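> only geometry, no sequence info:
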Ligand code: GUN
């Protein structure tokens with residue numbers, strides 16, 4: 001049976017360290033601040049935003065929520081971002097994705113001050129990650145690297161396969177694994193022989209958004225399996241992209257859903273918000 005990687009516990013440890021760091025910053029007159037923008041009433045987005053706000057509070061980070069109706073115009077959102085860019089008590093801005101249909105999400109993201117882009121979604125920050133000179137690391141991929149570290153799982157020289165090529169997870173995940181000297185393959189809906197490619201993986205990251213997509217026959221015995229999915233199974237129950245019950249029989253390590261990758265994404269958001277506050281107050285190391 002695979003060993004469970006307990007993302008909740010690892011995230012709690014990181015969050016406790018961040019809380020100490022925040023207390024120290026506050027002592028020096030700097031209170032990190034995060035603005036969270038949510039547009040519309042998508043229930044999943046609402047849960048994520050609530051969790052992010054609660055985590056900020058627990059870490060001593062100041063947070064503000066801006067909830068706009070689904071009918072908000074592009075201009076209204078752009079004006080809000082401009083206002084938040086200028087706000088001195090706000091170091092990080094997060095616009096919860098996805099925005100309702102009809103809004104240009106790319107334009108909204110690109111309006112964020114790159115120094116406040118705690119999601120690391122802006123082209124300039126993506127470029128920085130690509131060349132290995134980041135200001136902010138993308139939250140979910142960075143959280144996964146921390147999960148691997150927490151179990152002393154070596155990435156260097158390993159065959160790493162990422163299923164999914166989204167800008168939020170798949171692509172930046174591949175880049176971080178590469179920076180850690182993994183040999184990386186990205187799979188997607190047009191990949192031929194998906195099963196065979198996945199079976200080569202020492203480290204398999206599933207970020208497809210399809211319930212129980214990764215079955216046991218796609219996993220090499222002893223592989224490390226990371227599940228980024230937040231899906232619903234045929235009974236409406238929360239599950240991941242991995243057929244956990246069967247894959248856990250052959251993998252060496254596996255992340256559960258919930259309680260695996262999800263909590264790490266939030267911990268990394270807090271870390272980026274603290275990094276943003278330090279950079280903006282001149283406290284960051286050059
Ligand atoms: N929607 C799903 N994940 C994320 C995330 O990490 N950041 C933002 N802004 N939206 C998301």
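Received, thanks. Treat the numbers as computed from the prediction; the structure is a model and nothing was measured.
> Enumerate every residue touching the nearest residue to residue 195 once chain neighbours are set aside.
Excluding the flanking residues, the one nearest residue 195 by CB to CB, 6 or more residues apart in numbering is residue 218, at 5.0 Å. Heads up, the C-betas are built off the backbone N, CA and C, glycines and all. By CB atoms under 8 Å, 6 or more residues apart in numbering, the contact list for residue 218 reads 194-195, 198-199, 204.
> Highest neighbour count among the residues you listed?
In terms of neighbours by other CB atoms under 10 Å, the contacts of residue 218 top out with residue 204 at 28 neighbours.
> Confirm that it sits in a strand.
Yes - according to DSSP: H, G, I helix; E, B strand; the rest coil, residue 204 belongs to a strand.
> Show the contacting residues for it.
Counted by CB under 8 Å, 6+ apart, residue 204 has contacts 160-161, 163, 198, 214, 218-219, 223-226.
> which SSE is residue 211 in?
For residue 211, there is no host helix or strand (DSSP states H and E).
> if I read this right, it contacts residue 233, doesn't it?
Yes - counting by CB atoms under 8 Å, residue 211 does reach residue 233; the two are 5.1 Å apart.
> any common contacting residues for these two?
Joint contacts of residue 211 and residue 233 (CB under 8 Å, 6+ apart) are residue 239.
> Which of the two has more residues huddled nearby?
Per other CB under 10 Å, whichever of residue 211 and residue 233 has more neighbours is residue 211, with 19 against 12.
> if I look at the more buried one, how far off is residue 126?
Applying CB to CB, to the nearest Å, the value for residue 211 to residue 126 is 29 Å.
> With residue 178 instead?
Residue 178 sits 14 Å away from residue 126, going by CB to CB.
> go on, residue 256?
Taken as CB to CB, the span from residue 256 to residue 126 is 29 Å.
> Local confidence estimate at residue 286?
Residue 286 is assigned 60 on the pLDDT scale.
> cool, and residue 210?
97.
> Need the pLDDT of the closest residue to it other than its chain neighbours.
Closest residue in space to residue 210, ignoring its immediate chain neighbours: residue 241 at 6.1 Å, by CB to CB, 6+ apart. pLDDT for residue 241: 98.
> what's the neighbour count on residue 241?
For residue 241, using other CB under 10 Å, the count is 25.
> Pop out the phi and psi values for it.
The phi/psi pair for residue 241 (degrees, to the nearest 10) reads phi -80, psi -10.
> before we move on, what about residue 24?
According to degrees, to the nearest 10, residue 24 has phi -70, psi -40.
> Up against the ligand, what does the stretch 151-286 of the chain have?
By CB under 6 Å from any ligand atom, the residues of the stretch 151-286 of the chain that approach the ligand are 168, 265.
> at 8 Å what do you get?
Residues of the stretch 151-286 of the chain lying close to the ligand by CB under 8 Å from any ligand atom are 168, 265, 269.
> Adding secondary structure, neighbour count and pLDDT, write the residues you listed out as JSON lines.
Listed next are these as JSON lines, based on DSSP: H, G, I helix; E, B strand; the rest coil; neighbours: other CB atoms under 10 Å; pLDDT from 0 to 100:
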{"residue": "168", "secondary structure": "coil", "neighbour count": "19", "pLDDT": "96"}
{"residue": "265", "secondary structure": "helix", "neighbour count": "24", "pLDDT": "98"}
{"residue": "269", "secondary structure": "helix", "neighbour count": "26", "pLDDT": "98"}
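> from these, which is closest to residue 86?
residue 269 (21.7 Å; CB to CB).
> Measure how buried the nearest residue to residue 82 once chain neighbours are set aside is and give me the count.
Nearest residue to residue 82, sequence neighbours excluded (CB to CB, 6+ apart): residue 111, at 6.8 Å. For residue 111, the neighbour count with other CB under 10 Å is 18.
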